[in-house]
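>>> Provided below are the primary sequence and the corresponding predicted coordinates.
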Amino acid sequence: MSNRLGKDDTEADKAIRALLDDDRKSAFIVMAGAGSGKTTSLVKALDHLGRTQGPRLRRGGRRIACITYTNNAVEEIREDIGTDGCFHVSTIHSFLWEVARPFQGAMRQWMRHRVGELIRDKQERNARPRTRAATRVANDRAIRRLREDLEKLQDPDLRLTYGAAQDYGRGILGHSDILRMVPELIERHPNLAAITAQAFPYLLVDESQDTTAAAVSAFTAIERSEQGRFCLGFFGDPMQQVYGIGAGTVEPASDWTVIRKPENWRCPRLILEVINTIRSQSATDDGLQQIPGPGGPTMPGHADLFVLDQEGDDETQLAQVRSYLAREQQDPAWTENHDEAVKVLVLEHRLAARRLGFEQLYDSFATAQRERERFAEGTHWALKPFLERIIPLAEAVRDQEGVAAMALLRRYSRSLDAFVEGTSSVEVLPQLKRDAATLADLLSEGSQATVREVLEHLAKTGLIRLDRRLLPHLRRDDDTLAIADHFPEDGGEENGQTGERDSEKLEAVITAYLGCPARQVVSYRDYIEGRTSYQTQQGVKGAEFPRVLVLLEDDRSKGTNFSYEKLFGLKDLTETDIQNKELGKDNTLERTLRLFYVSCSRATRSLAVVLFTKDTETARDRLRRDGPFMAEKVHDAP
Ligand SMILES: Nc1ncnc2c1ncn2[C@@H]1O[C@H](COP(=O)(O)OP(=O)(O)OP(=O)(O)O)[C@@H](O)[C@H]1O
């Protein structure tokens, strides 16, 4: 429990309450920097609304909506405010779906229009003289499928649903459809706006800077058309926008109230100075310089920057930095490797994968965008059996946790099913034990077994049910296996996630995946479940840790969205960078500055930034002269 409700009220909290108590509902924006307690203010506002408006709203079947960025944040807010039925706390996707769900006719029309758009887009591409023959064939195939989808969408009985697995022919809308469709429907159908305001007369949006511009504009449209009957509150910080689709600064209408929160309770003085300097360099700083919140950290804290040679040995150099920090700050936790000691923030998942030893697995999924995204979320169907069943069973066996192992087998074992159904004899039990022990061996530390070997063991023995989409891949690789009988009818509930589409790309991904060492899947599981010290700089938004180590390593990252070398003047801007900057568009420098701000503002005690670069001397001199860290805190390799 975060105890947000136990925090003292700030001036901002009082101003928000005054607005919420007004009979005439209005809109407001809470604009504040990192560690200023925006989520705390939001939770306090919800609690206040629950107490003052809850009973009346409940009687009328109406609810107070709160939108936040991740499922974790949803859970945290729910924990804070309790389970009162008058609240509807969700991510933006779930909220938009909740709004649109009853409007099946309007959604079907939108979907048909969308499929038509996709067909036209592919036709246009095929009409271009430079389109390659293979692309043309693929586009023609896709057009045929889309036409079939269009046909199926004529069925008035087809009930539209929303899932991870976009499949228009089956009436399934994906995440990106929801983000695009619902704001369009709200803006196009005034009655949908009115019904939304009626069902949710209060709507509070956390992390508004990363809420899509279309959603912000749709909510604003509701507020405009329902003036006085709809209360809309945005809580955000344009400086913490880290996703391209985010709205960034929410522009207030002339009658909206803007509430600024200048305090920072998280960062001690020396870190606060660094993040204030970073902030002041951005065009989206909103003129905000933070001050320490009363009762916040009293120690000065630590803020150090190290410039290291990118050609040098990574592990050794980082170990030296950590030993130096432990010594200088008399804090041995800097040299400890468990996830609670130091949070290491990297630019990309790939860089975490490299350090944690699952780079081959990462690369297997990186070749196709959709597969890469599911991999990063930890929701890819091909990995799920490992995450939910295989690794937990192997670990239960290894740790001699018989009850846990049995519970998993009861749930997932085909052999045990056969025994329970009476179609196999009692000998199956010792066999099951042997098969489970083999599985534990295959996944034990130091094992060289591949993913394929593990899956084939399971397929042959029926030890654990797998996803049937793996079948063709295993069969083709080793057609001597008599696995068809054993292979489960499990899975397939998300068939549309990949279906036949993009089958070639998927085929390549799965083939590469099956060839990976299975131990890499264990490291990957540890990473995505937050059991390691590593996190990405984008993914860390909203969190705080005592010791934060930020790694800046442009040359090792594959993405082009961010460049610390450009930010520090160590690399020239491109023509596009200069043009975007001059036109006032978002650009590499601004994006990197914001990411740097988010990363550095996570530390509650000690912040260390490491820049890996080629020309360490120039970088060190420049950062001492112009950088956000105090000159004496910019170090060479210790
Ligand atoms: N009124 C308050 N009094 C004392 N401490 C507070 C107060 N409000 C928030 N805090 C503390 O400040 C820290 C930051 O709070 P919170 O996570 O709500 O901020 P935030 O603005 O959402 O942060 P960020 O934007 O950086 O993710 C937390 O440790 C919280 O306990």
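Yes, it's here.

>>> what about the residue lying closest to residue 139 once chain neighbours are set aside, which helix or strand?
Leaving aside its sequence neighbours, residue 139 sits nearest to residue 122 (CB to CB, 6 or more residues apart in numbering; 4.4 Å). Every residue, glycine included, has its C-beta placed from N, CA and C. Residue 122 belongs to helix 104-127 when assigned by DSSP states H and E.

>>> quick one, helices of the stretch 451-600 of the chain?
Assigned by DSSP state H, counting those that start in this stretch, the helices in the stretch 451-600 of the chain fall at 451-461, 471-477, 503-514, 518-528, 564-567, 575-582, 588-600.

>>> tell me who's in contact with the closest residue to residue 368 other than its chain neighbours.
Leaving aside its chain neighbours, residue 368 sits nearest to residue 505 (4.0 Å; criterion: CB to CB, 6+ apart). Residues near residue 505 by CB atoms under 8 Å, 6 or more residues apart in numbering: 367-368, 371.

>>> for the one residue in the stretch 151-300 of the chain that gets nearest to the ligand, give its distance to residue 123.
At 3.3 Å from the ligand, residue 265 is the closest residue in the stretch 151-300 of the chain, using CB to the nearest ligand atom. Counting by CB to CB, to the nearest Å, the separation of residue 265 from residue 123 is 56 Å.

>>> and for residue 206?
Distance, residue 206 to residue 123, by CB to CB: 42 Å.

>>> neighbour-wise, which of these two wins?
residue 206 (25 against 12; other CB atoms under 10 Å).

>>> tell me where the stretch 1-150 of the chain is predicted with low confidence.
Within the stretch 1-150 of the chain, the set of residues satisfying pLDDT under 70 comprises 1-2.

>>> list the buried residues in stretch 87-98.
The neighbour-count check on stretch 87-98 (16 or more other CB atoms under 10 Å) flags 87-98 as buried.

>>> identify the residue spatially nearest to residue 135, adjacent ones excluded.
Per CB to CB, 6+ apart, closest to residue 135 is residue 125, 7.3 Å.

>>> next one: that neighbour from the ligand, what distance?
42 Å (CB to the nearest ligand atom, to the nearest Å).

>>> can you count the residues close to that residue?
So residue 125, with other CB under 10 Å, has 13 neighbours.

>>> from residue 136, how far out is it?
Distance of residue 125 to residue 136, computed by CB to CB: 8 Å.

>>> before we move on, what about residue 197?
Taken as CB to CB, the span from residue 197 to residue 136 is 48 Å.

>>> how about residue 448?
From residue 448 across to residue 136, the span is 44 Å (CB to CB).

>>> what about residue 337, how many residues close to it?
Residue 337 has 11 neighbouring residues, counting by other CB under 10 Å.

>>> swap in residue 377?
By other CB under 10 Å, 10 other residues sit near residue 377.

>>> what's the closest non-adjacent residue to it?
Residue nearest to residue 377 in three dimensions, not counting chain neighbours: residue 528, with 7.9 Å by CB to CB, 6+ apart.

>>> could you look up the SS state of residue 607?
Classification of residue 607 using DSSP: H, G, I helix; E, B strand; the rest coil returns strand.

>>> which of the buried residues of stretch 87-98 fall within strands?
87-91 (DSSP state E).

>>> name the nearest of those residues relative to the ligand.
The ligand lies nearest to residue 89 out of those, by CB to the nearest ligand atom, at 15.1 Å.

>>> if we ignore the residues flanking it in sequence, what's nearest that closest one?
In space, residue 89 is closest to residue 66, 4.6 Å off (CB to CB, 6+ apart).

>>> didn't that neighbour look like it was pressed against residue 200?
No - using CB atoms under 8 Å, residue 66 is not in contact with residue 200, being 9.7 Å away.

>>> more crowded one of those two?
Legend: neighbour count by other CB under 10 Å for residue 66 and residue 200, higher for residue 66 (28 against 23).

>>> state the distance from the more buried one to residue 155.
Counting by CB to CB, the separation of residue 66 from residue 155 is 36 Å.

>>> what residues does the chain have near the ligand?
The chain has residues 7-8, 10, 32, 34-40, 237, 240, 265-266, 293, 295, 542, 544, 601 near the ligand, with proximity defined as CB under 6 Å from any ligand atom.

>>> dump the helices of the stretch 451-600 of the chain to CSV, plus distance to residue 44.
Output for those, formatted as CSV (distance: least, CB to CB, whole Å):
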stretch, distance to residue 44
helix 451-461, 48
helix 471-477, 52
helix 503-514, 46
helix 518-528, 32
helix 564-567, 36
helix 575-582, 39
helix 588-600, 23
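
>>> and those, which is most packed in?
helix 588-600 (a mean of 23; mean count of other CB atoms under 10 Å).

>>> okay, the angle between it and helix 575-582?
Interaxial angle of helix 588-600 relative to helix 575-582 (axes from the mean of the first three to the mean of the last three CA atoms, to 10 degrees): 80 degrees.

>>> residue 203 sits in which helix or strand?
Residue 203 belongs to strand 202-205 when assigned by DSSP H and E.

>>> which single residue in the stretch 401-550 of the chain comes nearest to the ligand?
For the stretch 401-550 of the chain, CB to the nearest ligand atom, closest residue to the ligand: residue 542, 4.2 Å.

>>> can you give me the neighbour number for that residue?
A count of nearby residues for residue 542, using other CB under 10 Å, gives 19.

>>> that one against residue 69, yeah?
Yes - Residue 542 is within contact range of residue 69, at 7.1 Å (criterion: CB under 8 Å).
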